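In: give me a 3D structure for the following:
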Amino acid sequence: MKPPLMNMSAQATLVWDGQRAVSAGALLGQARVLAEQLGKTRRARINLCEQRAHFLLGVLAALLRGETTLLPPNRAATSIAELQVRHAGAALLDDARVQQAREATDSTRWDEIPSIAGDTQAAILYTSGSTGAPQAQHKRWDRLYAGSRLLGRRLPIPAQGGRIVATVPPQHMFGLETSILLPLTAGVAVDAARPFFPQDIQSHLAAAGPGAMLMTTPLHLRACLDAGLDWPRPAFILSSTAPLSPQLATRAEQAFHAPVLEIYGSTETGALATRRPAADTRWQPLDEVRLEPRADHSIAHGPQLEGAVRLNDRIEIHADGRFTLLGRAADMLNIAGKRASLAELTQKLLAIPGVEDAALLPPEDNPRGRQRLCALLVAPDLDEAALNRALAELMDPVFRPRPLYRVPKLPRNDTGKLPRKALLELLGSLT
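Out: Predicted coordinates for the structure are as follows:
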């Protein structure tokens with residue numbers, strides 16, 4: 001199998017770089033020249049480009065050369081150094097290097113869309129480290145292509161096309177799937193920028209028009225809603241990297257006047273299912289994806305996977321094929337004979353008005369003893385009495401966190417995840 005590099009004509013717009021529309025053929029021409037400039041020796045490439053068009057060009061050039069793109073779990077110098085040790089001979093690719101190729105090929109076009117061997121080792125991604133040390137995940141081109149096609153068929157992409165605006169970095173699986181692979185396989189354009197602040201996100205959505213598709217995280221979505229801006233109406237919003245509560249999803253749908261969807265998946269699997277939390281908390285597997293429940297985990301099957309993949313989540317499958325997440329076995333708490341999910345309790349904390357961010361740590365991480373939960377809370381305008389009243393209403397006394405530390409912010413990474421190591425380091429600095 002040799003899937004095409006992209007499902008669009010060479011004349012179609014693939015990237016919006018500021019106010020400039022860049023066609024698929026023009027970008028392929030730039031990628032071909034970059035591939036030639038990278039030399040004769042094939043090696044893995046650590047793609048550190050922050051500008052999304054540059055990152056996309058790096059991926060295209062690597063695929064044309066039959067090389068693997070390495071995506072580090074973060075941009076820390078130590079992480080990149082470890083990657084270079086693990087993959088001897090790997091070369092760095094950054095914005096400056098790609099920009100040189102773009103400047104040298106401004107008028108070059110490639111009118112024929114090439115195909116790529118399906119067994120090409122297209123990328124190696126690393127898990128975020130939110131549950132332990134980052135782990136390498138190898139991705140073949142045909143598997144990435146198949147998964148992206150399944151996701152594209154599920155999403156309500158405008159019939160006339162549209163433009164993806166993404167607040168997440170392309171080095172993460174969610175960002176790679178939605179802002180790099182989806183434009184290639186679904187034939188839609190992507191904004192080259194990565195807007196971060198609410199005003200910038202508003203500006204880019206307005207520029208994209210009614211065909212805008214916002215790919216974001218609950219953290220960014222909450223910041224947008226709290227900014228009190230008038231929001232352009234996108235075709236839809238897609239969220240991932242952290243649980244999206246029905247309350248936050250409902251607020252977002254009311255503010256943006258658009259459906260808010262959520263992906264269930266992981267770095268290991270990519271997207272497996274979607275839901276619309278404001279309307280239904282159950283998940284609908286993507287077409288051709290099949291999940292099997294087990295006592296303390298589940299198994300995923302699909303054309304984007306290399307065989308059966310074990311998932312740490314427990315699930316309940318309903319008669320209509322949808323499923324409910326029951327939490328992870330390792331996430332389940334049993335305190336004084338009462339059981340609860342750490343993720344569910346965290347969502348209760350986040351639902352308290354005035355709480356901007358929160359993290360709960362299990363009893364074994366509590367520096368004051370192993371019988372209580374510990375919490376880190378960002379709530380600068382919430383007074384202690386109101387917080388205690390809310391906790392009393394929402395949580396059983398055995399699950400109320402003690403101690404509860406107020407912090408200016410939590411150590412989230414670029415995608416909004418909380419690496420366990422960083423969280424424990426913050427906790428250690430407070431005790």
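In: residue contacts, the residue nearest the centre of the chain?
Out: Geometric centre of the chain, nearest residue: Phe174, 3.0 Å, by C-alpha atoms, centre = their mean. By C-beta atoms under 8 Å, 6 or more residues apart in numbering, the contact set of Phe174 is 168, 215, 240-241, 263, 265, 415. Where you see a C-beta, it was placed from the backbone N, CA and C, and this is true even at glycine.
In: out of those, show me where the pLDDT dips lowest.
Out: Model confidence across the contacts of Phe174 bottoms out at Thr415, which has 76.
In: quick one on the thing from earlier: a strand runs through the residue nearest to the centre of the chain, doesn't it?
Out: No - applying DSSP: H, G, I helix; E, B strand; the rest coil, one finds Phe174 to be helix, outside a strand.
In: so what's it closest to, chain neighbours aside?
Out: Computed as C-beta to C-beta, 6 or more residues apart in numbering, the closest residue to Phe174 that is not its neighbour in sequence is Ser240, at 4.4 Å.
In: would you mind measuring from the residue nearest to the centre of the chain to Val378?
Out: Separation of Phe174 from Val378 (C-beta to C-beta, to the nearest Å): 23 Å.
In: so, low pLDDT: which residues of the stretch 251-400 of the chain?
Out: In the predicted model of the stretch 251-400 of the chain, residues 369-370 satisfy pLDDT under 70.
In: break down it into its helices, ranges please.
Out: 342-350, 384-394 (DSSP state H, counting those that start in this stretch).
In: re the thing from before, nearest to Ser179 among the contacts of Phe174?
Out: Met215 (5.9 Å; C-beta to C-beta).
In: in three-state terms, label the closest one for me.
Out: Of the three states, Met215 takes strand according to three-state DSSP.
In: give the contact list for it.
Out: Neighbour list for Met215: 164-168, 174-175, 178-179, 238 [criterion: C-beta under 8 Å, 6+ apart].
In: give the contact list for Glu394.
Out: If you look again at residue 394, you'll see it is Leu, not Glu. Each residue near Leu394 by C-beta under 8 Å, 6+ apart is listed here: 348-349, 351-352.
In: name whatever forms a beta bridge with the residue nearest to Leu350 when sequence neighbours are not counted.
Out: Nearest residue to Leu350 in three dimensions, chain neighbours excluded: Ala358, at 5.4 Å (C-beta to C-beta, 6+ apart). Per DSSP bridges, the residues bridged to Ala358 are Leu377.
In: so what's the residue count around Ala358?
Out: 22 (other C-beta atoms under 10 Å).
In: quick one, strands of the stretch 251-400 of the chain?
Out: For the stretch 251-400 of the chain, the strands defined by DSSP state E, counting those that start in this stretch occupy 260-266, 270-275, 284-285, 290-293, 298-301, 309-311, 313-317, 323-328, 332-335, 338-341, 357-361, 374-378.
In: quick one: contacts for the closest residue in space to Leu376 that isn't next to it in sequence?
Out: Nearest non-adjacent residue to Leu376, counting by C-beta to C-beta, 6+ apart: Ala359, 4.7 Å away. Applying C-beta under 8 Å, 6+ apart to Ala359 gives the contacts 346, 375-376, 410, 418, 423.
In: mind running it again at 6 Å?
Out: Taking C-beta atoms under 6 Å, 6 or more residues apart in numbering, we find Ala359 in contact with 376, 410, 418.
In: domain assignment for this protein?
Out: When the chain is parsed with automatic domain parsing, its domains come out as 13-326, 336-430.
In: so who does the nearest residue to Trp283 once chain neighbours are set aside touch?
Out: The shortest distance from Trp283 to any residue other than its chain neighbours is 4.1 Å, reached at Ala273 (C-beta to C-beta, 6+ apart). The neighbourhood of Ala273, defined by C-beta under 6 Å, 6+ apart, consists of 264, 283-285.
In: repeat the analysis, applying 7 Å as the threshold.
Out: In this structure, Ala273 makes contact with 264, 283-286, 289, judged by C-beta atoms under 7 Å, 6 or more residues apart in numbering.
In: please apply the same query to Ile201.
Out: Here Ile201 is in contact with 167, 195, 224 (criterion: C-beta under 7 Å, 6+ apart).
In: distance between the ends of stretch 114-121?
Out: End-to-end distance for stretch 114-121: 17 Å, by C-alpha to C-alpha, to the nearest Å.
In: can you pull the buried residues of it?
Out: Buried positions in stretch 114-121, judged by neighbour count with 16 or more other C-beta atoms under 10 Å: 116, 118, 120.
In: check contacts around the residue lying closest to Asp414 once chain neighbours are set aside.
Out: Once flanking residues are discounted, Asp414 sits nearest to Pro169: 4.8 Å by C-beta to C-beta, 6+ apart. Contacts for Pro169 (C-beta under 7 Å, 6+ apart) come out as 175, 194, 414-415.
In: what's the farthest-apart pair in these?
Out: It's Arg194 and Thr415 that sit farthest apart of the contacts of Pro169, by C-beta to C-beta, at 11.4 Å.
In: phi, psi for Leu305 please.
Out: The phi/psi pair for Leu305 (degrees, to the nearest 10) reads phi -110, psi 150.
In: tally of neighbours for it?
Out: 17.
In: what about Ser148, how many residues close to it?
Out: Ser148 has 25 neighbouring residues, counting by other C-beta under 10 Å.
In: does Arg406 touch Leu376 like I think?
Out: No - contact between Arg406 and Leu376 fails when scored by C-beta atoms under 7 Å: they sit 8.3 Å apart.
In: will you turn the contacts of Ala273 into CSV that also has distance to Leu342 and neighbour count?
Out: Output for the contacts of Ala273, formatted as CSV (distance: C-beta to C-beta, whole Å; neighbours: other C-beta atoms under 10 Å):
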residue, distance to Leu342, neighbour count
Tyr264, 18, 22
Trp283, 20, 23
Gln284, 25, 17
Pro285, 25, 21
Leu286, 27, 24
Val289, 26, 22
